[in-house]
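A.B. asks: Let me see the structure of the following:
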Amino acid sequence: MASKTSGSVVDVLDRVIGIPSSKSSSDGNNDNNIGSAEFIPSKTFTGSKKGYVFRTSEEFGTGYHLDSALSKLTTPSTPADTANKDKKRPRSNDSDKNDNDNGAPTKRSIRWGNDTTLSIPSRDPKPKQPTPSQLLAIAEASLESHPTSCLKLLTLNPSTLQSASISLSRTLEKNQLLRAQHADDPEKFMMNELALNDEICGFQAVAVDVSMYGYLVEFDVIKSFLALLSHENGDVAMSVVNVLVELLDPLLLREDEEKAGEEEGKELSAEVRRRNVGLLARTFVDGGGLELLVSNIGRLEENVEAEAKGIEDILTLMEALLDLDRAGVLQQTSDNGDEEENKSVSVVALLCKQTLFLSWLFGRIEKKNEIDATATAPTSPVVLKLHASEVLSTILQHEDYSMQRCGVKLSCLPKYTCAFDDLDEKPAAISKSSKNDVEEKDEKVDGMEVLLQSIAVYRKADPQTEVECEFLENTFDALAATLLREDNVENFVEYQGIELMLRCLREKVHSGGGALKVLNFAVSGSARSVSEEAATNITDGNIKGVNDAYKKACETFIQAGGLKVIFPLFMARKGAIPCPALCSEAGSNLAKRAMSNSAHKDDNAKGALSKRAKKAAHARKKWLAEVEQNVIYIMYALTRYIDEKSPHDAHARLLVKFVEEDCEKCDRAVELCLKYDEKARIAEYHYFKSDEAEEAEQLGADVDLAALDAKLRNGGDVFHRGCAILSFACAGSTRCHRHVRDQLKLQGSGISVIKAGLAEFSSLLINGSQKDQIENYLSSI
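C.D. replies: The predicted structure is shown next:
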């Protein structure tokens, strides 16, 4: 009885003081006690319990599990303290000391009656409300302790995808409702967004089976993804982008032959893959996915590693969509056979017309980043700059931009603005001066100046790393592609782009190779635009209208001293050829040694060359061949556009170059013509003897047209322009004409070779000024 009485007295005293009893400690519904029970069994969810997480584990089963992360914010009691709470303890200084050493709450002893001594814990202060940063730490700790608790692994079948789609839609609706109700309390919707992120990531498994893509569209999964891209939480939007990168990978179009052999009957044909991937991509693009991607990329900071990864994913997804569009996948979304239904606007056209993606790319390229050891990191600023240059080059080389079907000239691009920017945050600053607002609205991005400034850095020095070298090549490709538009050529000449390219060539650095390519496009133009549009713009033998930009570029080239630069290159002077950088494959020491062995015709050395050395030697030969071909194209453009009415005696200065030094330039032109004529004929012969020609003949295709294409791609086009260059010299100078005839006889050929090349060239041209000029050469020589 004494023990029972003392126990009851203890319970009464505990209730008076406010200390939970042992019975209440085991009660799962007591919200004030955190961590008293490690697990509370429950088959169904009966409501939230403070300090517990409802889940299923292998150790305990289904029920409420103690949240170890949240319990760290409060002062837990050990099981030993709970067991000894109702026991009588003698007054002893040693026991109190041990309690304090073990980290238990400080206790004070109370004498009750004659034989009863109680140890009562002192009251702890009221715990503070966790801050948002602490709540985030709690969620991350919970996710680390139970990494697979919420991750869903989807079974790839229609019913599972439909259930997952419904669950994703409901979770999104609940998240929107919680955000609207508790806008100032992130704790209320934090766990919901973690669950939403897990459901999004679960759809990555669908990339394994392309045949399931149709169900993603049918069950409105893509529609939910589009809604999530405009989510207030950027991490949720980046999860969607990460999933789309996996689903729209262009490599999925390739049929895996090894897996097809292992699992017979389950492989998909290439046509089915193209149709399913195209359906998914077109649904995303038609739903406004491009605009949402461009808006999201503006709210990410590349200084934050997670957000830099998001920028990289968006650029990767954009690149994938451009590759799919170039492969014609996005146009193959209809099986009705209706051409008009299958026709769709290209991704490049949508990006140029409906988004400010070009402005963002130019802004990113304009940022100056130091090349350091972090350049090889996947999300370093230097790598992001390189990736941006690759995407920009792909867009500008598309025919929709080069043929002026979309976009504006680079010098007047609108400034990039992010749709997620909240302009209401600074109303006072906005209302200070209306003039500044007008200036900001009218602010433009000058893409031509950005490209020229990026190249100007390397006008005297070579790039030092492979990343720099690749970035420079991408910049040259982008600039050259823009010059297919006449409006960009005008700005290029105005910004002294020709002078900059000539400076790169005079310094004989790595940028000289790209400078030749840019000059080729700056003075040559598009053959299609010239032949179709210029035919109606000829007055007194002068080219008017669309060709004025290229004619002015040629005149500027000669006025800037370009003849002193181009003719040594035309003559293949070793000291005039630009040298590739050491960081490039063509400029490596291995390539130099391999080329040296080939020049000495050392058969033993050739046989000893490794695959790497052969590859480096091939890169070196390709570099020299591109230099030679670009020089020939530039020379032909000068002979085409420079006439007797050109200013600064340009025509006479050009013609005298062929006469001086005993017509050595004519000898070089004859050599090049015979060289490329032989290469073209060999390519044509090999095509007729190939299996490809036999298959084409069996299918009823035009074999002669295919052979002509092979001939032009392997030197025939360069041969035609070489013949035109020789004809220019022969038509302008009788001395050059006699010298060319004599030189052809010495080579065992005749003027008929040049005439045959001109006749073939004329047959490939549409009626216009260019064709008329070639026919005049035929009649004069």
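A.B. asks: Could you list the buried residues of the helix ranked longest in the chain?
C.D. replies: For the chain, the longest helix by residue count, based on DSSP state H, is helix 650-689. Across helix 650-689, burial judged by 16 or more other Cβ atoms under 10 Å covers 650-651, 654-655, 657-659, 663, 665-670, 672-674, 676-677, 679-680, 683-684, 687. C-beta coordinates here come from the backbone N, C-alpha and C atoms, glycine included.
A.B. asks: State the mean pLDDT of that helix.
C.D. replies: Looking at helix 650-689 alone, the average pLDDT works out to 95.
A.B. asks: Check stretch 243-259 too.
C.D. replies: Mean pLDDT, computed over stretch 243-259, is 79.
A.B. asks: Can we start the residue count at 537 from this point?
C.D. replies: Okay, residue one is now 537; in that scheme the one you just asked about reads as stretch 779-795.
A.B. asks: which parts of it are buried?
C.D. replies: Buried, per 16+ other Cβ under 10 Å, within stretch 779-795: 779-786, 788-789.
A.B. asks: Give me the contact list for that stretch.
C.D. replies: Residues from elsewhere that reach stretch 779-795 (Cβ atoms under 8 Å, 6 or more residues apart in numbering): 736-737, 739-740, 742-743, 746, 749, 752, 761, 803-806, 809-810, 813, 816-817, 820, 849, 852-853, 856-857, 859-860, 863, 865.
A.B. asks: distance between that stretch and the chain's centre?
C.D. replies: Taking Cα atoms, centre = their mean, to the nearest Å, one finds the center of stretch 779-795 at 17 Å from the center of the full chain.
A.B. asks: just the buried members of the contacts of stretch 779-795?
C.D. replies: Using 16+ other Cβ under 10 Å as the burial test, these include 736-737, 739-740, 742-743, 746, 749, 752, 761, 804, 809-810, 813, 816-817, 820, 849, 852-853, 856-857, 859-860, 865 as buried.
A.B. asks: Was I right to think residue 574 contacts residue 603?
C.D. replies: No. Taking Cβ atoms under 8 Å as the definition, residue 574 is not a contact partner of residue 603, at 10.7 Å.
A.B. asks: So which of those two has more stuff around it?
C.D. replies: A side-by-side neighbour count of residue 574 and residue 603, using other Cβ atoms under 10 Å, places residue 603 first with 20 against 13.
A.B. asks: doesn't residue 589 make contact with that one?
C.D. replies: Yes. If you go by Cβ under 8 Å, residue 603 and residue 589 touch, sitting 4.9 Å apart.
A.B. asks: for residue 771, helix, strand, or coil?
C.D. replies: Here residue 771 is recorded as helix under DSSP: H, G, I helix; E, B strand; the rest coil.
A.B. asks: Nearest residue to it in space, please, no chain neighbours.
C.D. replies: Leaving aside its chain neighbours, residue 771 sits nearest to residue 733 (7.0 Å; criterion: Cβ to Cβ, 6 or more residues apart in numbering).
A.B. asks: Count the neighbours of the one you found for me.
C.D. replies: 20.
A.B. asks: Contacts only, for it.
C.D. replies: Contacts for residue 733 (Cβ under 8 Å, 6+ apart) come out as 771-772, 775.
A.B. asks: Let me see the backbone angles for the most centrally placed residue in the chain.
C.D. replies: Centroid check for the chain by Cα atoms, centre = their mean gives residue 851 as the closest residue, at 3.4 Å. When read as degrees, to the nearest 10, the backbone of residue 851 gives phi -60, psi -40.
A.B. asks: Determine the number of other residues adjacent to residue 673.
C.D. replies: 15.
A.B. asks: what's in contact with stretch 939-959?
C.D. replies: Residues outside stretch 939-959 that contact it (Cβ under 8 Å, 6+ apart): 831-832, 834-835, 884-885, 888-889, 892, 894-896, 898-899, 935-937, 966, 976, 979-985, 987, 1018, 1020-1021, 1023-1024, 1027, 1062, 1064-1065.
A.B. asks: Just the buried subset of those residues, written out for ChimeraX, thanks.
C.D. replies: Those of these that count as buried under 16+ other Cβ under 10 Å are selected in ChimeraX with:
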select :831,832,834,884,885,888,892,894,895,896,898,899,936,937,981,982,983,984,985,987,1018,1020,1021,1023,1024,1027,1062,1065
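A.B. asks: from the contacts of stretch 939-959, which ones fall inside strands?
C.D. replies: Judged by DSSP state E, these include 980-981 as members of strands.
A.B. asks: Now intersect the contacts of stretch 939-959 with the helices, please.
C.D. replies: Among the contacts of stretch 939-959, the ones falling in helices (DSSP H) are 831-832, 884-885, 888-889, 894-896, 898-899, 935-937, 966, 976, 983-985, 987, 1018, 1023-1024, 1027, 1064-1065.
A.B. asks: What is the strand or helix carrying residue 926 packed up against?
C.D. replies: With elements taken from DSSP states H and E, the one containing residue 926 is helix 917-932. The contact analysis (3 or more Cβ pairs under 8 Å, 6 or more residues apart in numbering; DSSP states H and E) places helix 917-932 against helix 841-862, helix 883-890, helix 893-902, helix 1002-1018.
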